[in-house]
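Visitor: Following is a predicted model, sequence given first.
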Amino acid sequence: MKIATYNVNSVNARLPVLLRWLEESKPDVVCLQELKAVQDNFPGQAIEDAGYHAIWHGQKSWNGVAILSRGEKAEEVCRALPGDPEDLHSRYIEAMVGGLHIACLYLPNGNPAPGPKFDYKLRWLDRLTAHAAGLIKSDMPVVMTGDYNVIPTDKDVYKPERWVDDALFRPETRAAFKSLMAQGWTDAIRKLHPDETIYTFWDYFRNAYSRDAGLRIDHFLLSPQLDNRLLAAGVDRHVRGWEKSSDHAPVWIELASK
DNA sequence: ATGCCGTGGAAACCACGA
């Protein structure tokens, strides 16, 4: 079973690239972030024609998350991260599919830091950690994936010294992510590629992609039930080089069937 | 070191992203 995550930076602007990549990569489940479309403006028909069911939670202008699946339609569990009814951003959707519990998330960027946006990011991370504690205690195999907007370590950024004051890399951010991981989650990419330089995002400007000046911020967190089912993990970085690409590349894992 | 680019939405610029 192949599961992917892809921050598309507008699902409608990205539709040709998304369809081309789906055709090439043929994942069974896909988590999308940054739809940048209201609920009624999601390209559901085009995605259905490509062979995928979809559930999604849109929002005007910003954010937006979706879960696509081949074969069975994902059975939605919730479409908001618990813990703050005032938080109206569409950044979280959770569903059951293929016998897995799948959480698709788009964590707040948090810049500029310090400031209210950074506070919101840290609160969101706290809420995610609280919710994740319940998920990891359940008997279900859980995949928690998406754009975390967190650079976990020095080797996940091309020039760590330039990012120390950035919301993606500040000590508070890394510490919060570390305490989430300490619940027992596995970073799928790092488990299989502990020492490789691997990025999932490259800026649109400064020729970041051709210079390979990237960040690793899109992650797959796996619950312990999945530890012995992880077969492969990687980044489709060539997709970042396509015409009209997102600034993120798709990330994927392969799980052994149970 | 930096929104230099890309997108959406409103209004011919600005907010926002990482």
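Guide: Yes, it's here.
Visitor: Name the SS class of the one residue in the stretch 51-200 of chain A that gets nearest to DNA strand B, please.
Guide: Using CB to the nearest atom of the strand, the closest approach of the stretch 51-200 of chain A to DNA strand B is made by residue A:111 at 3.2 Å. Heads up, the C-betas are built off the backbone N, CA and C, glycines and all. Secondary structure, DSSP: H, G, I helix; E, B strand; the rest coil: residue A:111 is coil.
Visitor: tally of neighbours for it?
Guide: Residues near residue A:111, counting by other CB atoms under 10 Å, number 15.
Visitor: tally of neighbours for the nearest residue to it once chain neighbours are set aside?
Guide: Among residues not flanking residue A:111 along the chain, residue A:167 sits closest, at 4.4 Å (CB to CB, 6 or more residues apart in numbering). A count of neighbours around residue A:167, defined by other CB under 10 Å, yields 23.
Visitor: Next, give phi and psi for residue A:167.
Guide: phi -60, psi -20 (degrees, to the nearest 10).
Visitor: so it sits right up against residue A:148, yeah?
Guide: No. Residue A:167 lies out of contact with residue A:148 (CB atoms under 8 Å); the separation is 11.8 Å.
Visitor: Read off the pLDDT value for residue A:242.
Guide: pLDDT, the model's per-residue confidence, is 96 for residue A:242.
Visitor: Sketch out the strands for chain A, chain order is fine.
Guide: Secondary structure of chain A (DSSP state E): strands at A:2-7, A:29-33, A:53-57, A:65-69, A:75-78, A:92-97, A:100-106, A:142-147, A:186-187, A:201-202, A:214-215, A:218-222, A:230-235, A:251-255.
Visitor: so which of these is the most packed in?
Guide: Per residue and on average, the most neighbours among these fall to strand A:29-33, with a mean of 29 (mean count of other CB atoms under 10 Å).
Visitor: tell me the angle it makes with strand A:218-222.
Guide: Strand A:29-33 runs at 130 degrees relative to strand A:218-222, counting by axes from the mean of the first three to the mean of the last three CA atoms, to 10 degrees.
Visitor: what about stretch A:184-196, how long is it end to end?
Guide: Terminal residues of stretch A:184-196 lie 22 Å apart, using CA to CA, to the nearest Å.
Visitor: for stretch A:238-257, same thing?
Guide: End residues of stretch A:238-257 are separated by 27 Å (CA to CA).
Visitor: Equivalent analysis for stretch A:63-75, please.
Guide: For stretch A:63-75, the separation between the terminal residues is 21 Å (CA to CA).
Visitor: So which bits of stretch A:169-189 are buried?
Guide: The neighbour-count check on stretch A:169-189 (16 or more other CB atoms under 10 Å) flags A:169-170, A:173-174, A:176-177, A:180-181, A:185-189 as buried.
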